[in-house]
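>>> below are the sequence and a predicted model for it; my questions follow.
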Amino acid sequence: MTTNKKRPSDLAAWDGDLSANLHVHKPGSSMRVSLQEIVDAVPVPDASGGGLATGDIIQRPTGTYDDYFECDGSIKLSAEAPALAAAIRTAVGPIADGYSVESGFRYQAPYAGWEHISDMARLGGYTLYKSASNGLYTTLISDAGEIIYSGAPSTSMGKLFATSNALYAATTTFDLYLADVLGATPSFNTTRVVAAGSSYFTGIVSVKPGFDLVVSNTPANFYLIDVAAGTSVKGTAPQSAVVYAAEETNGRIFAVARVNNVTGLYELVFKDSIADMDFKVIEELYGWSTGVISTIDERNSKTIYFGRKSVDYCYHIETGSITSVDRLVGTFNAVDFWCTAKDNVLIVSESPYEAGRSLISFDYGKTWQTPPDFGAGVKKYRIYEGEIYTVAANSDVNLVGGTTGTIQTNAITYIGSDHFKLPALTSKAQGHSYYVKK
């Protein structure tokens with residue numbers, strides 16, 4: 001049998017005509033593009049770097065170039081490239097580079113007598129605490145010290161959640177209690193807003209003002225919460241969506257999910273109801289059926305950390321680039337994994353949370369150090385208002401400031417004007433790297 005099919009190697013050599021077309025494709029459409037259009041779209045610097053402005057980023061064969069820095073996330077002296085330093089500080093803002101040990105301050109919260117704070121969540125000048133002692137009490141308190149609620153709505157209290165709309169206390173059997181702290185009268189509702197029973201939910205995110213979405217690893221068990229009414233409506237996610245973890249930041253929702261049998265990092269777009277929400281794939285995660293995503297305590301991070309059993313990657317939201325997180329062998333391998341992050345700061349802990357190994361990175365997960373010291377025992381970390389919060393059992397071990405207590409704060413430190421931090425970008429093209437024009 002003969003056919004008229006030809007391999008590319010059978011074709012005549014290209015004659016140099018830039019009007020020749022190539023076939024390009026993206027999901028849902030096929031298009032043509034000429035070689036001239038490709039050439040015109042790519043800025044080509046001359047030998048001195050001409051044609052590119054300070055701060056422009058290009059991909060080049062890995063090497064050393066006089067007019068460029070490699071985008072490796074390293075810290076440079078501003079004097080080495082004053083114009084680039086100024087441009088990066090203007091575009092990015094303050095960059096965290098560590099925490100102050102000397103600023104450590106420990107105190108009792110919400111009041112004396114609690115021997116172990118196991119979690120906290122903050123919103124709008126109110127903090128929800130969970131005690132690992134005292135009957136698993138949950139307490140909602142204002143920054144002025146007013147206790148809005150203190151009690152045990154269930155004998156099986158679990159994780160705490162925060163969205164842009166409300167605070168939540170979950171039970172280990174996946175019922176959910178709502179703390180409406182942005183309404184006219186802040187309150188904690190002791191009636192379950194979601195009675196999920198054994199249906200495992202994996203996160204809570206804000207989808208619009210006054211409404212939050214409970215996501216689940218079962219498509220039929222999603223809930224839309226009306227915060228002001230204190231009620232919820234159950235719905236089924238489209239595209240057979242299974243969500244392993246979800247988080248919101250700057251008005252966008254990200255999820256590690258399996259959608260139409262494809263696992264990956266998705267952006268969740270909510271329209272009017274659970275049934276018509278959409279999932280847009282950002283990065284596929286092959287061959288896995290679990291996932292984690294970083295908690296964003298203040299919901300204003302420029303990054304999302306995500307992965308399979310632990311954090312493997314950092315998604316830089318503004319540029320759309322993805323960099324790898326360097327996992328330390330034998331450290332990040334627990335399925336029940338906790339991490340909290342903001343921008344270039346990432347704190348990770350193995351299960352059972354913080355009992356053995358917790359680490360903190362200030363360069364998008366490239367290098368690691370120990371987090372603030374609180375002595376031995378189980379600890380949990382949060383990032384709020386430029387500080388690292390550590391909650392743990394009552395202790396005065398390794399105390400720097402304050403008194404014996406269950407909560408410690410340490411100020412995050414930032415790079416001064418005499419230094420600047422380069423972007424952290426990883427090229428998928430073998431033998432190539434990204435470079436920024438000085």
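Thanks, I have it.

>>> elements contacting the helix or strand hosting Ala87?
Assigned by DSSP states H and E, Ala87 belongs to helix 82-92. Under the contact definition 3 or more Cβ pairs under 8 Å, 6 or more residues apart in numbering; DSSP states H and E, helix 82-92 sits against strand 419-421. In short, each C-beta sits where N, CA and C put it, glycine included.

>>> buried set for the strand it packs on?
Of all the residues in strand 419-421, those buried under the rule 16 or more other Cβ atoms under 10 Å are His419, Phe420, Lys421.

>>> ok now stretch 421-433, how far from the chain's centre?
For stretch 421-433, the gap between its own C-alpha mean and the chain's C-alpha mean amounts to 21 Å (Cα atoms, centre = their mean, to the nearest Å).

>>> all helices for this structure, in order.
35-41, 82-92 (DSSP state H).

>>> including distance to Asp66, could those helices go into JSON lines?
Shown next, in JSON lines, are the helices of the chain (distance: least, Cβ to Cβ, whole Å):
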{"stretch": "helix 35-41", "distance to Asp66": "25"}
{"stretch": "helix 82-92", "distance to Asp66": "13"}
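
>>> return the most buried member of those helices.
By mean neighbour count, with neighbours taken as mean count of other Cβ atoms under 10 Å, helix 82-92 ranks first of these at a mean of 16.

>>> next one: that helix to chain centre, how far?
24 Å.

>>> for it, C-alpha coordinates in CSV please.
Extracted C-alpha coordinates of helix 82-92, given in CSV (Å, rounded to 0.1, in the frame of the first residue of the first chain):
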residue,chain,number,x,y,z
PRO,A,82,20.9,50.9,40.4
ALA,A,83,18.3,51.2,37.7
LEU,A,84,17.3,47.6,37.9
ALA,A,85,17.2,47.7,41.7
ALA,A,86,14.9,50.7,41.6
ALA,A,87,12.6,49.1,39.0
ILE,A,88,12.3,45.9,41.0
ARG,A,89,11.6,47.6,44.3
THR,A,90,8.9,49.7,42.6
ALA,A,91,7.2,46.7,40.9
VAL,A,92,7.5,44.2,43.7
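
>>> how many residues are close by Asp66?
8 (other Cβ atoms under 10 Å).

>>> so Ser164 sits right up against Glu247, yeah?
No: in this structure Ser164 lies outside contact range of Glu247 using Cβ atoms under 8 Å: 11.4 Å.

>>> ok, back up a step: among the helices of the chain, which gets the worst mean confidence?
Across those, helix 35-41 has the smallest mean pLDDT, namely a mean of 69.

>>> so what's Gly375 closest to, chain neighbours aside?
Using Cβ to Cβ, 6 or more residues apart in numbering and skipping residues adjacent in sequence, the residue nearest Gly375 is Val397, 3.2 Å away.

>>> how about Gly210: what's its closest non-neighbour residue?
Nearest residue to Gly210, sequence neighbours excluded (Cβ to Cβ, 6+ apart): Val227, at 5.2 Å.

>>> run a quick neighbour tally on that neighbour.
Per other Cβ under 10 Å, the neighbour tally for Val227 reads 24.

>>> show me the shaky parts of this protein.
1-7, 9-10, 16, 26-28, 39-50, 111-113, 133-136, 197-199, 328-337, 351-356 (pLDDT under 70).

>>> tell me how it divides into domains.
The chain breaks down into these domains under automatic domain parsing: 8-95+424-437, 96-414.

>>> pull the residues that contact stretch 243-252.
163-164, 202-206, 215-217, 237, 253-258, 267-268, 290-296, 299-302, 304, 306, 317 (Cβ atoms under 8 Å, 6 or more residues apart in numbering).
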